[in-house]
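Participant: Take a look and give me a structure for this.
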Amino acid sequence: RYPFYGLGILGMCPKFLTFLRYTLFLVLYPMGVSGEMGVLNKTLPQLATALPETKNWLLRNVLQPGLSSSHSWPTVCAIYALCFPPLYFYMLGQR
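Facilitator: Coordinates of the predicted model:
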């Protein structure tokens, strides 16, 4: 990504770099999303034992009193999985 941006600013971006920039995301974007979700899935049991049914330390305030860590991460994973296809196809349309 960064060589593409740097050379683009200088007006010297080769065509193969442009091709790679807009083609490799077809493989790399799903790999990154699945890797992130896999890491979250692996850490959920450890998170559940480290913070058993306590309020998530990031969200501990008066406005969100009932949000526990054991429910918040699976919810984030579900939202991520639901939002991935529209984002992916939007990027595909931008090619």
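Participant: how about residue 43, secondary structure?
Facilitator: helix (DSSP: H, G, I helix; E, B strand; the rest coil).
Participant: Name the nearest residue to residue 41, ignoring sequence neighbours.
Facilitator: residue 77 (7.1 Å; Cβ to Cβ, 6 or more residues apart in numbering). The C-beta positions use only the backbone N, C-alpha and C, and glycine is treated the same way.
Participant: helices or strands next to whichever strand or helix holds the one you found in the packing?
Facilitator: Assigned by DSSP states H and E, residue 77 belongs to helix 69-94. Applying 3 or more Cβ pairs under 8 Å, 6 or more residues apart in numbering; DSSP states H and E, we find helix 69-94 packed against helix 25-50.
Participant: Also compute the angle for the helix it packs on relative to helix 69-94, please.
Facilitator: 170 degrees (axes from the mean of the first three to the mean of the last three Cα atoms, to 10 degrees).
Participant: which parts of helix 25-50 are buried?
Facilitator: 25, 33 (16 or more other Cβ atoms under 10 Å).
Participant: repeat for stretch 6-23
Facilitator: 13, 21.
Participant: Give me the residues contacting that stretch.
Facilitator: 1, 3, 4, 95 (Cβ atoms under 8 Å, 6 or more residues apart in numbering).
Participant: tell me the pLDDT at the spatially closest residue to the last one that is not a sequence neighbour?
Facilitator: If I follow you right, that is residue 95. Nearest non-adjacent residue to residue 95, counting by Cβ to Cβ, 6+ apart: residue 22, 5.1 Å away. pLDDT for residue 22: 83.
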